[in-house]
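Show me how the following folds:
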Amino acid sequence: MSTKIKLMLILATLVIAVIAIIWWMLRPPGLPASIVTGNGRIEATEIDIATKMPGRIDEILAREGDFVETGQVLARMDIHVLLAQQSEAQAQVHQAESARQTAKAITVQRESEHNAALAVVAQRSAEYAAASKRLNRSQRLVGEGATPQQEVDDDNARVLGM
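Okay, the predicted model is just below:
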């Protein structure tokens, strides 16, 4: 080997050695205080979750292995069926309210009819009392000869017709 090649090899070895020494001296002294090293095994804790209502999952927002916090939304449910059920329930409420209003109106009408019937009964009672008095008066007057028998018969028919 020629002297020139030997000199180049020695020089290259010295350059590599100097670079290695400089790197070793400038490297960080170790891991930062916030990092702890050691050997071990991490096991995940499985937690079962459930919804208040049955249904299909539309979108899952958390992935396996993700850290989650209390109250964090993990999935979204498909709520189309629930919205349809809500609309149906609201329609039933409106229908029941309408039926209640109708029943209330019918009750008011029946009370009015009842009051009218009571008024008719009172009127008929007054008419009967008046017809009975007139019959008694006519019978007295016929006995005295002050009125014809036909008037007594008419008053009697009026009382019996009531």
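
where along this structure do the strands fall?
57-60, 75-77 (DSSP state E).

winner for burial among those?
A comparison of the strands of the chain by mean neighbour count, using mean count of other C-beta atoms under 10 Å, puts strand 75-77 on top with a mean of 13. All C-beta atoms are positioned from the backbone trio N, CA, C, and that covers glycine.

how far does that one sit from the chain's center?
Strand 75-77 has its C-alpha centroid displaced from the chain centroid by 19 Å (C-alpha atoms, centre = their mean, to the nearest Å).

ditto for stretch 59-71
28 Å.

With stretch 95-108 instead?
23 Å.

What are the buried residues along that stretch?
Buried residues in stretch 95-108, defined by neighbour count with 16 or more other C-beta atoms under 10 Å: none.

Which elements pack onto the lengthiest helix in the chain?
Looking across the chain with DSSP state H, the single longest helix is helix 80-144. Helix 80-144 sits against helix 149-160, with contacts defined as 3 or more C-beta pairs under 8 Å, 6 or more residues apart in numbering; DSSP states H and E.

tell me the angle the helix it packs on makes with helix 80-144.
160 degrees (axes from the mean of the first three to the mean of the last three C-alpha atoms, to 10 degrees).

Next, the buried residues of helix 149-160.
Buried residues in helix 149-160 (16+ other C-beta under 10 Å): Glu151, Val152, Asp155, Arg158, Val159.

per-residue pLDDT, the residue nearest to Arg76 when sequence neighbours are not counted?
Nearest residue to Arg76, sequence neighbours excluded (C-beta to C-beta, 6 or more residues apart in numbering): Glu59, at 4.4 Å. Glu59 is assigned 91 on the pLDDT scale.
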